[in-house]
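Novice: Here's a sequence, model it:
(2 chains)
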Amino acid sequence: MKIKQIAIFMENKPGHLGNICKSLSDAGVNITTLSLADTQQYGILRLIVQDSDKAKSCLEKSGLVVNTTEVLAVEVEDRPGGLLAILEIIGAKEVNIEYMYAFTSHYGKRAIMIFRFNDPDKAIAALKESGIQVLSNEALFQEIQQA
Amino acid sequence: MSRSLAYPEAYFDPGECLPRAELKRLQTARLRQAVARASALPFYRERLGGFDPNSIQEPGDVRRLPFTTKQDLRDGYPLGFLAIPRSEIARFHASSGTTGKMTFVPYSRGDMENWGTVVSRFLMAGGLRPGMLVQISFGYGLFTGGFGLHYGVEKVGAAVVPVASGNTERQLSILYDLQPDALVCTPSYALNIAEEIRKSGRDPKSLHLSLGFFGGEPWTEEMRERIEADLDVFATDNYGLSEVVGPGVAGECRERKGQHISEDNFLVECLNPESLEPVQPGERGELVITTLTKEAMPVIRYRTRDISSLLPDPCPCGRTGTLMTRVTGRTDDMLVIRGVNVYPTQIEEALLRVQEAAPHYHIEVTRPDNLDVASVKVEMRPEIFSDSMKDMEQLREKIARAISSITGIRMRVDLVAPETLERFVGKAKRVTDRRFKKD
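Specialist: Numbers count the residues shown, from 1 in each chain, chains lettered A, B, ... in the order given. As a prediction, this is how the structure comes out:
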């Protein structure tokens, strides 16, 4: 139910993001979606790619610090209050969101959002209970390819 | 320009102006006593190997004696250098160490008396007189600065307002409300005080201050000019280190041609740090100090690692103590940040507290608003990297806290990409000090 995300340490310097994209491009890795958290001096780039192992090894070869984390890809109804519904379910179970970001494309009446919860298993159980789809790796990339 | 004294120059005591021949005789006799006292300690008994103190014929015979290093003092922790019975100790101070472990410095009642005397000498030499009021903005506590100056001021017969360091707002209130005549602090803090006064919209020259006694960190002639212009004081420099006493080893008189060494209490050599042979008068070398009167903790040929020079010419003021020039650097990589000694190895120790293998790091010290600011660049490693910003900020805070608990100094921690800090073959250069450079 969880999908793999790779996170990369970045210095806030011109050209750094370009170098990362170059490594991925050379290795033939397509970025499905990304988010960037930044401070004045450094940032954390988070990527969802189909082949995360390949991405991780090619980035490490270029001397970057990379880690792999499990996150949840959750279907969100693309209407006013869609995200709110998810947050209410999660909030009721006192699960905390470390961070979240949206997919750039959406599928029909649904959007997909990436969540990093402090207790992912509890979140999965709560979402399923309420009939919310949490996508597996396969399901996620299948959806994307179909779109 | 600074004000000139409206009263005649005065000495604090005759010890400052002994004729050189007499001073040499006194030094010889005291060196014998010092060696005899030190011989009671297992460390020196072994190092001296049966050396006969009575074979000392002149102060220069000190060169026949072994050196003492900071490492020796650390190895003797806690009281390996205590040469008097415990019941006769009057005070403890301590100096910071390279590994977070401090070195205790005990004083006897006699040591306290002498300490007060040597501090009083440079206070009087710089213009302090009985009846004046002195604001001491040095730290009080294990650090020798606050208490050292405090007893010196009292010995002169002047009054003290012991504000201690920090809380600039309170410093300003006291400067305005009590109108002290003299300020004692680090030179960078003096500039900081001036800056705060200016920010508050008041004219620093409306203060009653006429004297400033600054020390505890390296500074420059340009800084002196700025302090004098900003605070309208006559600023003098003084030198000391806790291992031999604290402040009071040497200090400037109104001539300001160098700092008069209290040679009746300290035998100071200036050596080439490599060959350990004396350098020519006026030439730069490492100061090596033997305590002549210290009872509780005598040290022989202590290698200070401070770079200075001893001037050949006597001072027109009449004091006969040899003049040493401003300390311009260190033979090791110790840094003095806001008056506190910091060694790069302490940063390494802090990083090791946060993770098992210390990452590459680099320390940078600047002085943006006249106050030392230190930052540490730490290379990111997979073991400490997290995808969560909260974890990363907690990591920075954890490192900063470890550094501050070991060094006593709060430093900014910058996380940098791996392999971005310069690698060195052999001795690593861990420090960039931009405080005294004009770029």
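Novice: how much space between B:Lys24 and chain A?
Specialist: Distance of B:Lys24 to chain A, given as Cβ to the nearest Cβ, to the nearest Å: 59 Å. Using the backbone N, CA and C atoms, a C-beta is placed for each residue, glycine as well.
Novice: what ranges of chain A fall below the confidence cut-off?
Specialist: A:104-108, A:147 (pLDDT under 70).
Novice: So what does the closest residue to B:Gly131 other than its chain neighbours have for phi and psi?
Specialist: Closest residue to B:Gly131 apart from its sequence neighbours, by Cβ to Cβ, 6 or more residues apart in numbering or on different chains: B:Ala158 at 6.7 Å. Phi and psi for B:Ala158, reported as degrees, to the nearest 10, are phi -100, psi 170.
Novice: Going along the chain, name the helices of the chain.
Specialist: In the absence of a named chain, chain A is used. With DSSP state H as the criterion, chain A has helices at A:16-26, A:52-61, A:82-92, A:120-129, A:137-146.
Novice: look at chain B instead
Specialist: Using DSSP H, helices in chain B cover B:20-38, B:42-48, B:70-75, B:109-125, B:144-156, B:168-178, B:187-199, B:221-231, B:344-354, B:389-407.
Novice: Tell me which of those approaches B:Ile261 most closely.
Specialist: helix B:109-125 (9.6 Å; Cβ to Cβ).
Novice: mean confidence score for that closest one?
Specialist: For helix B:109-125, the mean pLDDT works out to 97.
Novice: so what secondary structure elements neighbour it?
Specialist: Counting contacts by 3 or more Cβ pairs under 8 Å, 6 or more residues apart in numbering or on different chains; DSSP states H and E, helix B:109-125 packs against strand B:89-95, helix B:144-156, strand B:234-241, strand B:246-252, strand B:259-261.
Novice: For the single nearest residue of chain B relative to chain A, which non-adjacent residue is spatially closest?
Specialist: In chain B, the residue that lies nearest chain A is B:Asp387 (3.3 Å; Cβ to the nearest Cβ). The shortest distance from B:Asp387 to any non-neighbouring residue, by Cβ to Cβ, 6+ apart, is to A:Ala7 (3.3 Å).
Novice: partners of the one you found in the sheet?
Specialist: A:Arg46, A:Asn67 (DSSP bridges).
Novice: wait, what's in contact with it?
Specialist: Contacts here follow Cβ atoms under 8 Å, 6 or more residues apart in numbering or on different chains; on that basis A:Ala7 touches A:Ile44, A:Leu45, A:Arg46, A:Leu47, A:Val66, A:Asn67, A:Thr68, A:Thr69, B:Phe385, B:Ser386, B:Asp387.
Novice: How about B:Asp372?
Specialist: B:Ser188, B:Glu217, B:Ile337, B:Arg338, B:Val365, B:Thr366, B:Arg435 are the contacts of B:Asp372 under Cβ under 8 Å, 6+ apart.
Novice: Can you give me the distance of it to A:Thr32?
Specialist: The gap separating B:Asp372 from A:Thr32 is 48 Å, by Cβ to Cβ, to the nearest Å.
Novice: do the same with B:Arg121
Specialist: From B:Arg121 to A:Thr32 the distance is 76 Å (Cβ to Cβ).
Novice: Also A:Ser130?
Specialist: 26 Å.
Novice: Please identify which of those two sits among more neighbours.
Specialist: Each of A:Ser130 and A:Thr32 has its neighbours counted (other Cβ atoms under 10 Å in any protein chain shown); A:Thr32 has more, 19 against 13.
Novice: Could you measure from that one over to A:Arg46?
Specialist: Counting by Cβ to Cβ - A:Thr32 and A:Arg46 are separated by 11 Å.
Novice: Give me the contact list for the lowest-mean-pLDDT helix or strand in chain B.
Specialist: Of all helical and strand segments in chain B, the minimum by mean pLDDT, DSSP states H and E falls on strand B:329-330, at a mean of 80. Here strand B:329-330 makes contact (Cβ under 8 Å, 6+ apart) with B:Pro218, B:Arg305, B:Asp306, B:Ile307.
Novice: burial measure for the last one, as a count.
Specialist: What it means is B:Ile307. When neighbours are defined as other Cβ under 10 Å, B:Ile307 has 19 of them.
Novice: now it, which residues is it bridged with?
Specialist: B:Glu286, B:Gly329.
Novice: Tell me if I'm right that it and B:Gly285 touch.
Specialist: Yes. At 7.0 Å, B:Ile307 and B:Gly285 qualify as touching, with contact defined as Cβ atoms under 8 Å.
Novice: intersection of neighbour lists for these two?
Specialist: B:Pro273.
Novice: ok so, going back, can you pull the contacts of the residue of chain B closest to chain A?
Specialist: Per Cβ under 8 Å, 6+ apart, neighbours of B:Asp387: A:Gln5, A:Ala7, A:Ile44, A:Arg46, A:Asn67, A:Thr69, A:Arg116.
Novice: Take the residues you listed and lay them out in JSON lines including distance to B:Asp203.
Specialist: Formatted as JSON lines, the contacts of B:Asp387 follow (distance: Cβ to Cβ, whole Å):
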{"residue": "A:Gln5", "distance to B:Asp203": "60"}
{"residue": "A:Ala7", "distance to B:Asp203": "55"}
{"residue": "A:Ile44", "distance to B:Asp203": "49"}
{"residue": "A:Arg46", "distance to B:Asp203": "55"}
{"residue": "A:Asn67", "distance to B:Asp203": "57"}
{"residue": "A:Thr69", "distance to B:Asp203": "59"}
{"residue": "A:Arg116", "distance to B:Asp203": "56"}
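Novice: Among these, give me the pair with the biggest separation.
Specialist: Using Cβ to Cβ, these span at most 12.3 Å, a distance reached by A:Asn67 and A:Arg116.
Novice: Same drill for these two, tell me which one is more crowded.
Specialist: When A:Asn67 and A:Arg116 are compared for neighbours, A:Arg116 comes out ahead with 22 against 16, by other Cβ under 10 Å.
Novice: Any idea what the more buried one is bridged to?
Specialist: A:Tyr99.
Novice: give the contact list for B:Leu231.
Specialist: Each residue near B:Leu231 by Cβ under 8 Å, 6+ apart is listed here: B:Leu183, B:Ala190, B:Ile193, B:Ala194, B:Pro204, B:Lys205, B:Leu207, B:Leu209, B:Gly212.
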